[in-house]
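In: fold the stuff below for me.
(chains A, B, C, D and E)
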Amino acid sequence: MSITPQVKKILDGYESDNPGTKANLARILMQGRLGGTGKLVILPVDQGFEHGPARSFAPNPVGYDPHYHHSLAIEAGLSAYATALGMLEASAATFAGQIPTILKVNSSNSLSAFKEAPTQAITGSVSDALRLGCSAIGFTIYPGSDAQFEMMEQIREMAEEAKAVGLAVVIWSYPRGGNLSKQGETAIDICAYAAHMAALLGAHIIKVKPPTEFLELAAAKTVYEKQKIDISTQAKRYEHVVQACFNGRRIVVFSGGEAKDVDSVVNEARAIRDGGGNGSIIGRNTFQRPKAEALALLDKLINVYLGKD
Amino acid sequence: MSITPQVKKILDGYESDNPGTKANLARILMQGRLGGTGKLVILPVDQGFEHGPARSFAPNPVGYDPHYHHSLAIEAGLSAYATALGMLEASAATFAGQIPTILKVNSSNSLSAFKEAPTQAITGSVSDALRLGCSAIGFTIYPGSDAQFEMMEQIREMAEEAKAVGLAVVIWSYPRGGNLSKQGETAIDICAYAAHMAALLGAHIIKVKPPTEFLELAAAKTVYEKQKIDISTQAKRYEHVVQACFNGRRIVVFSGGEAKDVDSVVNEARAIRDGGGNGSIIGRNTFQRPKAEALALLDKLINVYLGKD
Amino acid sequence: MSITPQVKKILDGYESDNPGTKANLARILMQGRLGGTGKLVILPVDQGFEHGPARSFAPNPVGYDPHYHHSLAIEAGLSAYATALGMLEASAATFAGQIPTILKVNSSNSLSAFKEAPTQAITGSVSDALRLGCSAIGFTIYPGSDAQFEMMEQIREMAEEAKAVGLAVVIWSYPRGGNLSKQGETAIDICAYAAHMAALLGAHIIKVKPPTEFLELAAAKTVYEKQKIDISTQAKRYEHVVQACFNGRRIVVFSGGEAKDVDSVVNEARAIRDGGGNGSIIGRNTFQRPKAEALALLDKLINVYLGKD
Amino acid sequence: MSITPQVKKILDGYESDNPGTKANLARILMQGRLGGTGKLVILPVDQGFEHGPARSFAPNPVGYDPHYHHSLAIEAGLSAYATALGMLEASAATFAGQIPTILKVNSSNSLSAFKEAPTQAITGSVSDALRLGCSAIGFTIYPGSDAQFEMMEQIREMAEEAKAVGLAVVIWSYPRGGNLSKQGETAIDICAYAAHMAALLGAHIIKVKPPTEFLELAAAKTVYEKQKIDISTQAKRYEHVVQACFNGRRIVVFSGGEAKDVDSVVNEARAIRDGGGNGSIIGRNTFQRPKAEALALLDKLINVYLGKD
Amino acid sequence: MSITPQVKKILDGYESDNPGTKANLARILMQGRLGGTGKLVILPVDQGFEHGPARSFAPNPVGYDPHYHHSLAIEAGLSAYATALGMLEASAATFAGQIPTILKVNSSNSLSAFKEAPTQAITGSVSDALRLGCSAIGFTIYPGSDAQFEMMEQIREMAEEAKAVGLAVVIWSYPRGGNLSKQGETAIDICAYAAHMAALLGAHIIKVKPPTEFLELAAAKTVYEKQKIDISTQAKRYEHVVQACFNGRRIVVFSGGEAKDVDSVVNEARAIRDGGGNGSIIGRNTFQRPKAEALALLDKLINVYLGKD
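Out: Predicted coordinates for the structure are as follows:
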């Protein structure tokens, strides 16, 4: 595998990482149909933990089988497949070496009752990621939560361990809890802040939700207005988030959120591309559709990132 | 010991486990009268901790003696015997090698006063399981409890340790506490969710309670109705839980609950079998009966799983 | 030292322990005037921590000196001497090898203000016990306390460590706190439950308080009445506790409580003996009396256990 | 590099440190335009964590790029550059060896909602500092916070680890939370106390905010008045803080706080110099200005410390 | 250095300690003008942490310099010098070998806002004590505080570590918090209890405050009255505390408290001596006086313990 100039440029941004971690980032960036473009699409399957099996898989019951997702990601030519411990244990040997995997090492669920201090349980380890042949660990933080510092300390420790053994680190940065308003969770100032903190915590790949035009913090609002930061279009907001990720020195991908129609998903991808984002991480919108539809949607998405659409 | 095709198929589902763990799963699956069928019946004796000695053993006082249970499990031709540290220390040498044992490594009791955050004390270790010659560790989680994440992190850590030394991991997944209603503890959506989370946490064998037709979570209810998931019979509900356990790639057994008449117990087993469940884990219904009655009941149960009844 | 059949039978109950631990149990069981009988009397001096020095030692001021207690236990021909770290450090070398010692590794005091969550501080370690030449560690749990699980986890961990280096484990199981009523702390159902849990936690020697006829838990009451468990006499209640300790496979001794007259103490011992208990652990009733009186009382006690009284 | 007598004198104050730590202190003190004078100016860039990316970098958007700050510190001839993990990982290799770096190992943010117990998350480690080639770690404590003891214990542990591997330790001592009034956070008695505690905790370099004439604690007020401690001018207050840092045996630098005009910044530096302080640690006032202005300001500042202004 | 019979007798009380710890105790007991007498005077300088720099050192500003205190202790011929980490790091090399030092490893401050659960931060380690050449570690516990058990567990762990490497352990036992009344903090029953618990925790040297005639606990009061314990004079109360320290098998010293006139200090020492106490630990009363006065006061104190006054 020889890497492309686009990938080389991205890897150069990770100037303090060891060759092992660079190699794992390269594996993800050189994988599938977007391999070598600097763009990526990741399939995450952590909804079973978050929402339960029926809400996740009943719409397309083949999804109860862990093999389905792993093979879907391969067949669609995606960049990586991310899931929780048990799910990955059930398919990792069968598909070993066919697509880079990301072990999601913490998880929450719909039964948890924490209002101001939402958090997650650690459900996987760096050792697990190594024995399952993963390229990266994935970890969710909830900036704003009364438990945010604890979560940050957990990923700091796990990230140090991961980097030392040549794994990459993906941070899902989802503002939530504490003083944050519901609308504030996706506000552009909060989203950029969440992405920036993930970068400061040493993430290699940062995952945030698509930001809205709303501004949550008064002190931030003043600055956005005074400095005339353009957040009027989706693409401009993605661009702002890219800037917050060390001005493009860190990979940032955006999640799709709830299931929606094909056009919405594709339009979001166009805006991500136009804003300079690195790609999408898209779960329910794919595996809850029948396989043919899912493949068709992912084909469209990939074409957007290839600049063909 | 050469394994049967049915057992081979089950073991294949554990594709990421080392030979040590596979061997211990095989030992359980090849043991006793159900050996080789892919079905299993386990005798658990953790009621002394949960309810106290008199409530557990006074109905059949030979049960005060740890040797009684261990030998009952052997004599009845069961698949494994599960109990707490002290109880197992008192019989493990006498019956060494005669039946696979599962060390229950956490325990609660009737004196504990936690309402929304029920939890258990860790009362055994992987090292204990090894020195006592066990095939597996057993651990209870209370999904929904305000302490659920802590419990999940405990078993994650112990499971990693257990798998590394070739032990299997059994998770008792009993929803309880937090926002859950009393009825919700055995609701089908919650039961399937609890089983799924145990699977995601990396359990090899999952133990849940028989689910009712009730639906607890509004968001789940919508999906069950929209997707027309059939939960109208006991067998269909067991089938749904099996599906939630990676579509059958994980062993799932069901507990019997409070003492009841023979027919109820046997009917439950028929439904488990018809729904594709792997078997029963049955304590008070056996050891609180006189020995002859207990053996007769277990004989009936085994015949059900052998397809003879 | 060759052991007697009575001691052999007791040691056989500890079938999972290593020779080191068996040897230490044997040392205690073969020590003093009761050596070889399977009965034992232990002198505990932890009252300085619990009640302060004046309340403990002013009635017989020689007790301020740690040497006094250690030599009293030897002179009276007792089975073992149990005390806290500093106290034992002050006499262990002088009396090394003359009587087995038990390091009490946690302690509470009269200044602590926890109402529902009474607990103790860990004040000694397995390493301390080894360097001081002890045969066992002693640990108090408060079943029922909101801190009970934490205490159980502490002793679990220390017991694993102790057993690995050949020490024995003594658990003081004193129900307290949480939802327990004052009367419930010594209720027979609670006492038997507390003893049973200590056994399940892996204790070699279990220490409980003399139980009363009171029944605390409604669910237990139903069973005691339905199963017609005889708890009408002190001896019957002790017998019930012995049953709860794995039907006699574990050593159980009873504490004396507050200072009282000689006859009460001796009568209690008779009931313990008649109920099949293994002996007494008696502190204030001895060291708060002048030495001659203390020796006379202990002589009577030993004679009871020797069957001479 | 041969050190000057001024630097030698400062290093002599660190009489218990190993040569590795002394060397790293020397590197900072011999660096840049103030090298050898015993004075120092440090560029800290931790505002992205504290206030978010837009509030920090939008006024001068080149600051979104981690390389900008690192090169600014070099170009301006400063003594050291301090920043958080991710930020430093993004520039450490490019500028390796060109200026001593300080890894800020804990961080807070504007989303945190702790009122009386403000604290920070640990976001970096001594290992991180070593692999990134740093000369020191930086840690913030909040004296007065209900979480102050926890923070002190964290830095104690990290400082021990840092000193053992030859790193220096910088403590940001910012009183906050608990019973402290808002005005009290910068009161001279509190500021001197905060500096003194940082020194007692073993800091090599102490960073505090410019103190005001306000006195917070009644007991302290009595002493300041009785002993006629002169705190009437800025320079006198700085002198008092230097005294509180072991009478000048520890390096103490002062932060600039919010962005302000050039004259204010320069006047503050004059007072620090006149009071015997070791220098400034100045972030927003530099990187939020256009580069030319920032360099001009830093030139003025350095001239003050060189005694030329 | 050959030890005197008085010192030999004291060392014999520490019969379970290794030669390293005995040697360090001997170093303290053989140091200075009281060397060999079995009496000792220690200079503690932890007030900077407890009360802030100005309240501690402004009355005699040379005290801002760590060298001042260390040399004062040497010049006055004292037995040992005790202080916190940073303070000792700043003088340990200069005065290495001239006087035994005690590293105070936990500290509180006047900004802390815990009412019922006062505690301290751990601010030094056994490793620090070793690298700084100390003879002992010093640790404060607050018996009665809701945090007392945590503090006891901390010193237990550190004491085990210290003893293993041949250091001595000094415990400052200061009742505070919880249910204790203000008057109760120095009540004779509480003071004796606090001293006794420090002894039970394994302290080699116990430091308490001078007790008053007040009795705090009702249960204790009954005993003091019934047993006619004489607590009517200062000397008698000191004698009672000595008794509570294993009847004199442990060294006990008394702190001086707030600054007061020379006669009070000297009279207190006379009572300590007459009660059989081992000496004084005296800080503010010395270093807040001009050096000549401090030396004169310490000379008087030493003469008292030499029996010359």
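In: where does A:Ala82 sit: helix, strand or coil?
Out: strand (DSSP: H, G, I helix; E, B strand; the rest coil).
In: show me the contacts for it.
Out: Neighbouring residues of A:Ala82 by CB atoms under 8 Å, 6 or more residues apart in numbering or on different chains: A:42-46, A:101-104, A:138, A:170, A:281. Every C-beta, even on glycine, is put in place using the N, C-alpha and C of the backbone.
In: tell me the one of those nearest D:Leu132?
Out: Using CB to CB, A:Val170 comes nearest to D:Leu132 of these, at 21.1 Å.
In: kindly calculate the angle that the host helix or strand of that closest one makes with strand A:80-84.
Out: Using DSSP states H and E, A:Val170 sits in strand A:168-173. Between strand A:168-173 and strand A:80-84, the angle comes out at 70 degrees (axes from the mean of the first three to the mean of the last three CA atoms, to 10 degrees).
In: show me what the helix or strand that strand A:168-173 is followed by is packed against.
Out: Using DSSP H and E, the helix or strand that follows strand A:168-173 in sequence is helix A:188-200. Identification of packing neighbours for helix A:188-200 by 3 or more CB pairs under 8 Å, 6 or more residues apart in numbering or on different chains; DSSP states H and E yields strand A:136-141, strand A:168-173, strand A:205-208, helix A:218-226, helix A:234-244, helix D:47-51, helix D:53-57, helix D:85-89.
In: what lines up beside the third one in the sheet?
Out: Each strand that pairs with strand A:205-208, with its direction, by DSSP bridges: strand A:168-173 (parallel), strand A:251-255 (parallel).
In: next, the angle from the shortest one to helix A:188-200.
Out: For strand A:251-255 against helix A:188-200, the angle by the same axes, to 10 degrees is 130 degrees.
In: what residues does strand A:251-255 touch?
Out: Contacts for strand A:251-255 (CB under 8 Å, 6+ apart): A:10, A:25, A:40, A:42, A:44, A:172, A:195, A:204-210, A:238, A:241-242, A:245, A:268, A:272, A:277-283.
In: at 6 Å what do you get?
Out: A:205-207, A:209-210, A:242, A:245, A:272, A:277-279, A:281 (CB atoms under 6 Å, 6 or more residues apart in numbering or on different chains).
In: next: stretch A:187-201.
Out: In contact with stretch A:187-201 (CB under 6 Å, 6+ apart) are residues A:143, A:171, A:173, A:175, A:184, A:206, A:208, A:211, A:214-217, A:220, A:231, A:237, A:240-241, A:244-246, A:250, D:48-49, D:52-53, D:84, D:86-87, D:123.
In: count the neighbours of the residue in the stretch 151-300 of chain A positioned nearest to chain B for me.
Out: Closest residue of the stretch 151-300 of chain A to chain B, CB to the nearest CB: A:Gln154 (10.0 Å). Neighbour count for A:Gln154, taken as other CB atoms under 10 Å in any protein chain shown: 20.
In: which element, helix or strand, includes it?
Out: Per DSSP H and E: helix A:148-164 holds A:Gln154.
In: so which bits of stretch A:83-93 are buried?
Out: Residues of stretch A:83-93 classed as buried: A:83-92 (neighbour count, 16 or more other CB atoms under 10 Å in any protein chain shown).
In: export that stretch as CSV, just CAs?
Out: The C-alpha coordinates for stretch A:83-93 follow below in CSV (Å, rounded to 0.1, in the frame of the first residue of the first chain):
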residue,chain,number,x,y,z
THR,A,83,-18.9,-1.2,17.1
ALA,A,84,-19.0,-2.4,20.7
LEU,A,85,-17.1,-5.3,22.3
GLY,A,86,-19.6,-8.2,22.1
MET,A,87,-20.7,-7.2,18.6
LEU,A,88,-17.2,-7.1,17.3
GLU,A,89,-16.2,-10.3,19.1
ALA,A,90,-18.9,-12.0,17.1
SER,A,91,-17.5,-11.0,13.6
ALA,A,92,-13.9,-10.0,14.0
ALA,A,93,-12.4,-13.4,13.1
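In: tell me if that stretch is near chain B.
Out: Yes: against chain B, stretch A:83-93 shows contacts by CB under 6 Å from any CB of the partner chain at A:84-87, A:89-90, A:92-93.
In: okay if I get those as JSON lines plus pLDDT?
Out: As requested, the residues of stretch A:83-93 next to chain B are exported to JSON lines (pLDDT from 0 to 100):
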{"residue": "A:Ala84", "pLDDT": "98"}
{"residue": "A:Leu85", "pLDDT": "98"}
{"residue": "A:Gly86", "pLDDT": "98"}
{"residue": "A:Met87", "pLDDT": "98"}
{"residue": "A:Glu89", "pLDDT": "98"}
{"residue": "A:Ala90", "pLDDT": "98"}
{"residue": "A:Ala92", "pLDDT": "98"}
{"residue": "A:Ala93", "pLDDT": "98"}
